[in-house]
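**Student:** Turn this into a structure:
(2 chains)
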There are 2 protein chains.
Amino acid sequence: MNTVNHQFRLARRPNGAVSRSDFDYVAAPLEAPAEGQVQIQILYVSLDPAMRGWMAPSEDSYMPPVAIGEVMRAIAVGRVTASQHPGFAVGEHVSGMLGVQEYAISNGQGLNKVDPKLAPLPLYLGGLGMTGLTAYFGLLDVGQPKAGDTVVVSGAAGAVGMIVGQIAKLKGARVIGIAGGADKVRYLIEELGFDAAIDYKNEDVAEALKKHAPKGVDVFFDNVGGAILDAVLGRLAMGARVVICGAISQYNNTSAMQGPSNYMQIMIKRATMRGVMVLDYYPRAMEAIVAMGGWIAEGKLKTREDVVQGLDTFPETFAKLFSGGNNGKLVLQVAA
Amino acid sequence: MNTVNHQFRLARRPNGAVSRSDFDYVAAPLEAPAEGQVQIQILYVSLDPAMRGWMAPSEDSYMPPVAIGEVMRAIAVGRVTASQHPGFAVGEHVSGMLGVQEYAISNGQGLNKVDPKLAPLPLYLGGLGMTGLTAYFGLLDVGQPKAGDTVVVSGAAGAVGMIVGQIAKLKGARVIGIAGGADKVRYLIEELGFDAAIDYKNEDVAEALKKHAPKGVDVFFDNVGGAILDAVLGRLAMGARVVICGAISQYNNTSAMQGPSNYMQIMIKRATMRGVMVLDYYPRAMEAIVAMGGWIAEGKLKTREDVVQGLDTFPETFAKLFSGGNNGKLVLQVAA
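**Tutor:** Residues are numbered from 1 along each chain as shown, chains lettered A, B, ... in the order given. Next comes the predicted model:
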């Protein structure tokens, strides 16, 4: 019987790229659930760029930062191992904000039951989880692509980007992905059916967009910010929609974020810039999950999970998100 | 009888602030109108920040740049002095894109008749002209303020800003202006009835906004860009509307524009960033002019024209827009 709960606790606010020394890796005593609580053994932890923001000292973000000494916040799926909660039985699987640790105690709030017979558990963190909801609502609700539109997505081989591009294709758009490296570009075109892909590490993005988007960009779904955001702003079509999802190129900055110097194109091209905040769409989650689940079942939407073994690898595995080292949805497997 | 037409022609693309040497001041022969044309003696030339953009080598703006050697583009009002056009009679007054010169020849396209008995001629360049339309539609159509909203306007003592703030007050909003210097701040509060004003030259804008906009900013109408845009983005209320009208702090940059490093607040605050392009509202111009004309007649909307004498002062007078040296709508008087 396990008596220990290994945890990554935030030891200090990272300065630039995240390193192991930003965390304390501790062996806490395994807690039993109190009345109304449930104990969950964590199986898979979702690793998301947003977590970098939660480590930062931001006074004005969409949720408070993780406190120093607190278990690092993360979405995860796990199995109920003990329950004093009438709604959850031992052996059931759940997803929720469970943290970077082996076991979590929850009062049930924010937990969602998931069924491993319907889909592999990591998929509930990816295409059927927050990643999928972000892609689905960010593209369709904020970006509003019409058939025939040119849709550009940055971070296109990442967890959100690869879904955005495929949904845009399903909606009849012409889709251009921006990603780093020849392998990712090949994957987007050959495996996912993107119409074109730009290797930002080896191509001039602005020039490549002139070629691939001769009539301009109707929808831009941005996961990266920085120079790529500026390049696409410089190529907007009239009435374009710019969906701000993330700015991974900027999260490890030690100075201020680089703002888009081309932002006046928003005015010139009668464009709209809005963000997608997935929390706001939780009440409509079922709509996305039904649609995405159907597309996945029909083989129309491919997902890709990059599963790395071992809770103890967390800092180094997390860093892959920022070096472009992951392929698709990055997930840490904690237990089987 | 006049035989000469003094003109400012663009001699080169300015590098940074505009100077006299960027223009050729020439005495061209006065042309007579051909069949279907009208000759207009220019009385007042509108000086607008947008003109700085028209001098730039932009390959991707909302209208082509002024060509080297071409008369500098500007909106103006004048009097018909000779006509071979059935729609315009000698002695009638018109406004249009007439240029920085003493006389213009026009085929009538884009000319609007204006009546000096109904309003002083400079007002047709200000509150009843493009300036007024920009303020009216930018605030009401793009910004969509509701009664009780907190509206912030930058460049608040400028031609567009002073109208934006007053319309916002008329619509029941709480209005905060950002302007440079104690005189302008006093003018906004005491003369125009703004609820508060921030002197960006002597105050920390972000700190002042915490005080004056404790619940955040619902609508931001931005004329200036740069550090002020970032400060207001950092103080948005949930669901805010950011109206991009101009970026006068950046137009004379010799390197790239400074983009808003706080742009992720658009996502965090579920805000929308859009521009106002007044050209798009020309078909609805009458709606604004009727409303504004009424408010002016009732004394509910104050206008202020800063009229400088002499076509030959054009380069130096234009530069006042960028130093904050003008008070209200800057107009060059060319003739009486």
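**Student:** interface residues of the stretch 151-300 of chain A facing chain B?
**Tutor:** A:225, A:230, A:234, A:244-245, A:247, A:256-268, A:270-277, A:280 (Cβ under 8 Å from any Cβ of the partner chain). For the C-beta atoms, the positions are set from N, CA and C on the backbone; glycine is no exception.
**Student:** taking those one by one, which sit in strands?
**Tutor:** A:244, A:272, A:273, A:274, A:275 (DSSP state E).
**Student:** Check whatever residue of the stretch 1-150 of chain A ends up closest to chain B and give its pLDDT.
**Tutor:** Per Cβ to the nearest Cβ, residue A:62 is where the stretch 1-150 of chain A lies closest to chain B, at 4.9 Å. pLDDT recorded at residue A:62 is 85.
**Student:** so what's it up against?
**Tutor:** A:277, A:279, B:268 (Cβ atoms under 8 Å, 6 or more residues apart in numbering or on different chains).
**Student:** buried stuff in stretch A:179-192?
**Tutor:** A:179, A:180, A:184, A:185, A:187, A:188, A:192 (16 or more other Cβ atoms under 10 Å in any protein chain shown).
**Student:** Ok, stretch A:246-261 next?
**Tutor:** Buried residues in stretch A:246-261 (16+ other Cβ under 10 Å): A:246, A:247, A:248, A:249, A:250, A:251, A:257, A:258, A:259, A:260, A:261.
**Student:** And the residues you listed, which is closest to residue A:209?
**Tutor:** Proximity of these to residue A:209 was ranked by Cβ to Cβ; the top entry is residue A:260 with 15.0 Å.
**Student:** Buried members of the residues of the stretch 151-300 of chain A next to chain B into PyMOL, please.
**Tutor:** Filtering these down to the buried ones (16+ other Cβ under 10 Å) takes a single PyMOL command:
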select buried, chain A and resi 225+230+234+244+245+247+257+258+259+260+261+262+263+264+265+266+267+268+270+271+272+273+274+275+276+277
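**Student:** Filter the residues of the stretch 151-300 of chain A next to chain B down to the ones in helices?
**Tutor:** A:230, A:265, A:266, A:267, A:268 (DSSP state H).
**Student:** Point out the least confident member of the contacts of residue A:62, please.
**Tutor:** Out of those, that is residue A:279, at 90.
**Student:** Can you convert the ones in helices among the residues of the stretch 151-300 of chain A next to chain B into a markdown table and add a column each for distance to residue A:319?
**Tutor:** Shown next, in a markdown table, are these (distance: Cβ to Cβ, whole Å):
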| residue | distance to residue A:319 |
| --- | --- |
| A:230 | 25 |
| A:265 | 33 |
| A:266 | 33 |
| A:267 | 38 |
| A:268 | 38 |
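**Student:** what's the helix or strand that residue A:232 is a member of packed up against?
**Tutor:** In this structure, residue A:232 is located in helix A:226-233 according to DSSP states H and E. On a contact count with 3 or more Cβ pairs under 8 Å, 6 or more residues apart in numbering or on different chains; DSSP states H and E, helix A:226-233 meets strand A:150-154, helix A:205-212, strand A:217-222.
**Student:** Which strand residues bridge the closest residue to residue A:327 other than its chain neighbours?
**Tutor:** Nearest residue to residue A:327, sequence neighbours excluded (Cβ to Cβ, 6 or more residues apart in numbering or on different chains): residue A:306, at 5.0 Å. Beta-bridge partners of residue A:306, counted by DSSP bridges, are residue A:330.
**Student:** give the contact list for residue A:306.
**Tutor:** Residue A:306 touches A:320, A:326, A:327, A:328, A:329, A:330, A:331, counting by Cβ under 8 Å, 6+ apart.
**Student:** Same question for residue A:26.
**Tutor:** By Cβ under 8 Å, 6+ apart, the contact list for residue A:26 reads A:6, A:7, A:9.
**Student:** From those residues, which land in strands?
**Tutor:** Those of the contacts of residue A:26 lying in strands (DSSP E): A:6, A:7, A:9.
**Student:** what about the first one, neighbour count?
**Tutor:** Burial of residue A:6 is recorded as 17 neighbouring residues (other Cβ atoms under 10 Å in any protein chain shown).
**Student:** does it really touch residue A:310, like I thought?
**Tutor:** No: contact criterion Cβ atoms under 8 Å: residue A:6 and residue A:310 do not qualify, at 10.4 Å.
**Student:** burial measure for residue A:294, as a count.
**Tutor:** Residue A:294, neighbours per other Cβ under 10 Å, totals 11.
**Student:** Next up, phi/psi of it, please.
**Tutor:** phi -60, psi -50 (degrees, to the nearest 10).
**Student:** Nearest spatial neighbour of residue A:30, chain-adjacent residues omitted?
**Tutor:** residue A:5 (4.6 Å).
**Student:** Who does the one you found form a beta bridge with?
**Tutor:** residue A:28.
**Student:** That one against residue A:101, yeah?
**Tutor:** Yes: contact criterion Cβ under 8 Å: residue A:5 and residue A:101 qualify, at 5.9 Å.
**Student:** ok, residue A:9 - contacts?
**Tutor:** Each residue near residue A:9 by Cβ under 8 Å, 6+ apart is listed here: A:23, A:24, A:26, A:69, A:70, A:71, A:72.
**Student:** how does it look with 10 Å?
**Tutor:** For residue A:9, the contacting residues are A:23-26, A:28, A:66-72, A:99-101, by Cβ atoms under 10 Å, 6 or more residues apart in numbering or on different chains.
**Student:** Would you list the buried entries among the residues you listed?
**Tutor:** Using 16+ other Cβ under 10 Å as the burial test, the contacts of residue A:9 include A:23, A:66, A:71, A:72, A:99, A:100, A:101 as buried.
**Student:** which of those residues lies closest to residue A:286?
**Tutor:** residue A:99 (25.6 Å).
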